[in-house]
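Colleague: Following is a predicted model, sequence given first.
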Amino acid sequence: MISTNETASTALRLAAHHSLVVLPFRYRGRGAQIAKLEQSPRWIPREYDPSERIDSERVAYFLPYIRGFFFPLATDSKRGCRHYRLRPEALGLSAGEKLRGQLHGADNIDNARFVADLRLQSVELLLSPFEVGFLILDFRCESPLASFEEQMKALGMLRQLEPLYLGQPLPIFETPTHKLHMRQWVSHFLLEFGPTQPGLHAPLPTLLNATDPLPVELLYGDRMLYYAFSCLDKQTAFEEVQPNEVLIRKCAMLTFDDETREAAKNAREKGLRNWLFVRWQGFVKEGSQLVAFNNEPFDETYLAEYHRTYYFDVFLLAMLQRVTLLLLYERLADIPSLTSGGRRSRRILRRLRHDLLAFRNQCCFSQITLKERGLYLWRRWQGALENETLLKEVTDQAQELDQYLQAQNRERMEWVVRISGALATVVPAILGLNAILGDEEWVARLKWGLLALVVVIAGIATSVVLFAKPRFDQN
């Protein structure tokens, strides 16, 4: 234990940790994009092999239909999600080497200069069948003396793609060879989603540019999601409960959930020894974090591994549901494109209905595993992300659209019937002009001229009824 006179930077040092930033994005053309990634020398396809112990354990954590969707085997790679890992050589490294650098930024609270030594452990890519992807960057603090405060400050800066407010400089991740904003690093990792196919040693930008365009459509705007784990060394905790708890709450990325706060309150009354066994966890729409102390070997080894693998997969599945539903909601809100009545509108509507049906059949599940902890996390994520509410809203919106289109089609058919009735009345009258005007030549010419005029008018009226846009689109 350390004295309460010590500074926050020396307290609560990390025994084990990981800091993941996750970029959800939308891409176009699943087949073409997968082909580019398969042919790219920069990415390695991650295909799960049931004969490998690590793969079989990770996949077996989930129910069979989740395995088929989220972890497709090499023999069934065309359906479900696709996983890739960036080769170290794509960053100018040798096999097995990690990218190391310094993160430079300014603290959001007091604007003080901040520097942290970091290691980019891995770069992964996940593509779903719904044209939604996730870029996953796994960062670790490089210093053995790194603290919880340092990890949280670095995580907050790593996820920034745009300044939090006007005039604030973006953080910079500097390696021995390059000095770039996170937006530029992300853009480099996603080069395959641009118009060209990059080579293994695709050049990185040489100049800092905070407005570099990204080759994908962002789904969360100015920042990335986060997913963090911190196992704190209990020997570096303060001697009293209160300063430890104040520091954890102050540095955390989120407000911890009610269950955590209640557990902390009960343990606080029993003293520091009991309080150190509290696990601090929170779930919000922008991410999650878990904080624990290394009271047992399990906390420092197995808990860290579970959080990075099984529990992270649960997080990705829940986030995939949310961002896909948000995209479907956005597409359903494009009323002019869906109700214009043309060939393009019908094509868009067919694709939307297909995607909604595929989502409900492939990605809507209430049970994902038989493991109690996994089910607990899945329920917590469903509540935090409000996926059930989103699904209901998307379903209701789709039903309302169908009802509107059916009413529109009924109205058009009614007009066609009216036009047909008018033709059935007018045509016999025109053909009977001979009985009134005689069989003169001019009567025949008048009769056929009137018939042609009536048919043209009926044809124009029918075209207007069938292909005219709704009135609110004509302004």
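Modeller: Perfect, thanks for sending it. Numbering: from 1, shown residues only.

Colleague: Run through the protein and note the low-pLDDT ranges.
Modeller: The chain contains residues with pLDDT under 70 at 1-9, 73-78, 108-111, 166-167, 341-342, 468-475.

Colleague: mind listing what Asn209 touches?
Modeller: Counting by C-beta atoms under 8 Å, 6 or more residues apart in numbering, Asn209 touches 181, 184. Quick note: C-beta positions are derived from backbone N, CA and C, even for glycine.

Colleague: the strands in the chain, which residues?
Modeller: In the chain, the segments counted as strands under DSSP state E are 14-26, 43-45, 82-86, 99-106, 113-127, 132-141, 172-174, 179-181, 217-218, 225-232, 280-284, 287-293.

Colleague: Would you convert these into CSV that also reports mean neighbour count and distance to Ala461?
Modeller: Formatted as CSV, these follow (neighbours: other C-beta atoms under 10 Å; distance: least, C-beta to C-beta, whole Å):
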stretch, mean neighbour count, distance to Ala461
strand 14-26, 22, 42
strand 43-45, 17, 57
strand 82-86, 20, 51
strand 99-106, 19, 67
strand 113-127, 18, 49
strand 132-141, 22, 45
strand 172-174, 19, 65
strand 179-181, 21, 60
strand 217-218, 14, 42
strand 225-232, 24, 55
strand 280-284, 19, 57
strand 287-293, 24, 58
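
Colleague: any chance of those strands in a markdown table, plus distance to Arg380?
Modeller: A markdown table is the format used below for the strands of the chain (distance: least, C-beta to C-beta, whole Å):
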| stretch | distance to Arg380 |
| --- | --- |
| strand 14-26 | 17 |
| strand 43-45 | 32 |
| strand 82-86 | 24 |
| strand 99-106 | 30 |
| strand 113-127 | 21 |
| strand 132-141 | 20 |
| strand 172-174 | 32 |
| strand 179-181 | 33 |
| strand 217-218 | 26 |
| strand 225-232 | 14 |
| strand 280-284 | 5 |
| strand 287-293 | 9 |
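
Colleague: And these: which comes nearest His201?
Modeller: Comparing the strands of the chain against His201 with C-beta to C-beta, the closest turns out to be strand 82-86 (12.8 Å).

Colleague: So which elements touch the longest helix along the chain?
Modeller: Of all segments of type helix in the chain, defined using DSSP state H, the longest is helix 387-431. Under the contact criterion of 3 or more C-beta pairs under 8 Å, 6 or more residues apart in numbering; DSSP states H and E, helix 387-431 touches helix 310-332, helix 335-339, helix 343-362, helix 441-467.

Colleague: Pick the most deeply packed of those.
Modeller: helix 310-332 (a mean of 21; mean count of other C-beta atoms under 10 Å).

Colleague: what's that one packed up against?
Modeller: Here helix 310-332 touches strand 14-26, helix 64-70, strand 132-141, strand 225-232, helix 343-362, helix 372-385, helix 387-431, going by 3+ C-beta pairs under 8 Å, 6+ apart.

Colleague: What is the first one packed up against?
Modeller: Contact analysis of strand 14-26 by 3+ C-beta pairs under 8 Å, 6+ apart lists strand 132-141, helix 148-158, strand 217-218, strand 225-232, helix 297-300, helix 302-308, helix 310-332 as its packing neighbours.

Colleague: would JSON lines of the ones you listed with distance to Phe193 be doable?
Modeller: Output for those, formatted as JSON lines (distance: least, C-beta to C-beta, whole Å):
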{"stretch": "strand 132-141", "distance to Phe193": "8"}
{"stretch": "helix 148-158", "distance to Phe193": "21"}
{"stretch": "strand 217-218", "distance to Phe193": "10"}
{"stretch": "strand 225-232", "distance to Phe193": "18"}
{"stretch": "helix 297-300", "distance to Phe193": "38"}
{"stretch": "helix 302-308", "distance to Phe193": "26"}
{"stretch": "helix 310-332", "distance to Phe193": "16"}
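
Colleague: of all the ones you listed, which lies closest to Leu377?
Modeller: helix 310-332 (4.8 Å).

Colleague: Next, the angle helix 387-431 makes with the closest one.
Modeller: Here helix 310-332 points in a direction 30 degrees away from that of helix 387-431 (axes from the mean of the first three to the mean of the last three C-alpha atoms, to 10 degrees).

Colleague: Tell me what angle helix 310-332 forms with strand 280-284.
Modeller: Using the same axes, to 10 degrees: helix 310-332 against strand 280-284 is 20 degrees.

Colleague: Check the offset of helix 310-332 from the chain's centre.
Modeller: Centroid displacement of helix 310-332 relative to its chain, using C-alpha atoms, centre = their mean, to the nearest Å, is 6 Å.

Colleague: Please report how far the residue nearest to Ser337 when sequence neighbours are not counted lies from Asp355.
Modeller: Spatial nearest neighbour of Ser337, excluding adjacent residues (C-beta to C-beta, 6 or more residues apart in numbering): Ile348 at 5.4 Å. Going from Ile348 to Asp355 by C-beta to C-beta, to the nearest Å gives 11 Å.

Colleague: Leu158 is nearest to which of the strands of the chain?
Modeller: Nearest of the strands of the chain to Leu158, taken as C-beta to C-beta: strand 14-26 at 5.0 Å.

Colleague: Just the CA atoms of that closest one, as PDB, please.
Modeller: Written as PDB, here are the backbone C-alpha positions of strand 14-26 (Å, rounded to 0.1, in the frame of the first residue of the first chain):
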ATOM      1  CA  LEU A  14      -1.400  -1.600 -14.000                       C
ATOM      2  CA  ALA A  15      -0.700  -5.300 -13.400                       C
ATOM      3  CA  ALA A  16      -2.400  -6.300 -16.700                       C
ATOM      4  CA  HIS A  17      -4.600  -4.300 -19.100                       C
ATOM      5  CA  HIS A  18      -5.700  -3.700 -22.700                       C
ATOM      6  CA  SER A  19      -7.200  -0.600 -24.300                       C
ATOM      7  CA  LEU A  20      -9.200  -1.300 -27.500                       C
ATOM      8  CA  VAL A  21     -10.600   1.400 -29.800                       C
ATOM      9  CA  VAL A  22     -13.200   0.200 -32.300                       C
ATOM     10  CA  LEU A  23     -14.300   2.000 -35.400                       C
ATOM     11  CA  PRO A  24     -17.700   0.900 -36.700                       C
ATOM     12  CA  PHE A  25     -18.200   1.900 -40.400                       C
ATOM     13  CA  ARG A  26     -20.300   1.200 -43.400                       C
END
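
Colleague: any idea of the angle it forms with strand 132-141?
Modeller: 160 degrees.

Colleague: roughly how far out does strand 14-26 sit from the chain middle?
Modeller: 14 Å.

Colleague: and the angle for it with helix 148-158?
Modeller: Comparing the axes of strand 14-26 and helix 148-158 via the same axes, to 10 degrees yields an angle of 10 degrees.

Colleague: For strand 14-26, which strands pair with it and how are they oriented?
Modeller: Paired neighbours of strand 14-26 in the sheet (DSSP bridges): strand 132-141 (antiparallel), strand 217-218 (antiparallel), strand 225-232 (antiparallel).

Colleague: and the residue lying closest to Cys364 once chain neighbours are set aside, how far is that from Thr10?
Modeller: Distances taken as C-beta to C-beta, 6+ apart place Leu391 nearest to Cys364, at 6.7 Å, with adjacent residues excluded. Shown here: Leu391 relative to Thr10, a distance of 48 Å by C-beta to C-beta.

Colleague: So those two - more neighbours on which side?
Modeller: Each of Leu391 and Thr10 has its neighbours counted (other C-beta atoms under 10 Å); Leu391 has more, 20 against 12.
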